[in-house]
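Chemist: Structure of the sequence below:
(one chain, ligands or ions: 1)
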Amino acid sequence: MQIQLLAVGQKMPAWVTEGFQQYQKRFPKDFELMLHEIAPGKRGKNADISRILRQEGEALLAAVPKGNRIITLEVTGKAWQTNELAEQMQRWQLDGRNVSLLIGGPEGLSPECLQHAEQRWSLSPLTLPHPLVRIVVAESLYRAWSINNNHPYHRE
Ligand SMILES: C[S@@+](CC[C@H](N)C(=O)[O-])C[C@H]1O[C@@H](n2cnc3c(N)ncnc32)[C@H](O)[C@@H]1O
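Modeler: So this is what the prediction gives:
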C-alpha cells in the first residue's frame, strides 16, 4: 500500500528533511511512504488568512488521488496508542485503498479538509510545529509497521 503524507510547508531545514527520510527509507517497497509538500500561502501584513487557509485546503485536496482514505492530523483527533495505530494500519491494508494523511499549515487545516476526513489522528494534546509533525508521523507509522511485521524495531 501507499501512504501519502500531504503537508503544507516547503523548503524545510535540512534536519527536518533528514529526520523524515530516516524513517521513510526504512519502509519496504510494498509499503511506501510518500511526501507531497504544498506551498504555503504568503502571509503578509494584511493577509486574508481565511482565504489562504481555503486555498491551502484546495491544494491539499487536489493532491489526494481519487479513492484514497483521507485522515487529518489534528490536535483534537483520536490519540491512538502505538498498538492501536498498528491495528488501524491493518484495517487500512484490508480496506485496499491507499491513505492520504493531511497536515495543515500555521493556522491548521481548512473546514473543507476536515469535512473530507474519514478519520482524525492526534499525536499529542500539545500543538506541535508542522515540520516536526511529519517526522513524528513517519516514525509512528514505521513503529506500527514493525509491530505488524514482527520486526524488532519496537520493543514492549
Ligand atoms: C502548527 S499546527 C496548526 C495549529 C493550528 N492552530 C491548529 O489548531 O490546527 C500545523 C499542523 O500540524 C498538525 N499538528 C500539530 N500538532 C498536532 C498534534 N498534536 N497532533 C496531530 N497533528 C498535529 C496539524 O495538522 C496542524 O494543522
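
Chemist: after the strand or helix carrying residue 58, next one along is what?
Modeler: According to DSSP states H and E, residue 58 maps onto helix 49-62. Next in sequence after helix 49-62, counting helices and strands by DSSP H and E, comes strand 69-78.

Chemist: Contacts made by that next one with the rest, please.
Modeler: 64, 92, 95, 97-104, 108-109, 113-114, 116-127, 133, 137 (Cβ atoms under 8 Å, 6 or more residues apart in numbering). In this view, the C-beta of every residue, glycine as well, is placed from N, C-alpha and C.

Chemist: hey, where'd the helices end up in this protein?
Modeler: 14-24, 49-62, 82-95, 111-116, 130-148 (DSSP state H).

Chemist: helices or strands up against the fourth one?
Modeler: Counting contacts by 3 or more Cβ pairs under 8 Å, 6 or more residues apart in numbering; DSSP states H and E, helix 111-116 packs against helix 49-62, strand 69-78.

Chemist: Of the ones you listed, which is nearest residue 28?
Modeler: Ranking the helices and strands packed on helix 111-116 by proximity to residue 28 (Cβ to Cβ) places strand 69-78 first, at 20.3 Å.

Chemist: was I right about residue 59 contacting residue 38?
Modeler: Yes: using Cβ atoms under 8 Å, residue 59 makes contact with residue 38 at a distance of 4.7 Å.

Chemist: In terms of neighbours, single out the busier of the two.
Modeler: Taking neighbours as other Cβ atoms under 10 Å, residue 59 and residue 38 compare with residue 38 leading, 22 against 17.

Chemist: Can you name the residues of this protein that neighbour the ligand?
Modeler: For the chain, the contact set with the ligand under Cβ under 6 Å from any ligand atom comprises 73-75, 103-104, 106-109, 122-124, 126-130, 133.

Chemist: Sitting in strands, which of the contacts of strand 69-78 do you find?
Modeler: Counting by DSSP state E, the part of the contacts of strand 69-78 found in strands is 99-103, 119-121.

Chemist: In TSV: these, plus distance to residue 17.
Modeler: Formatted as TSV, those follow (distance: Cβ to Cβ, whole Å):
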residue	distance to residue 17
99	22
100	20
101	18
102	20
103	15
119	27
120	26
121	22
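
Chemist: Of those - the most surrounded one?
Modeler: residue 102 (28 neighbours).

Chemist: picking that back up, which parts of the helix holding residue 58 are buried?
Modeler: By 16 or more other Cβ atoms under 10 Å, the buried positions in helix 49-62 come out as 52-57, 59-61.

Chemist: Alright, I will stop here.
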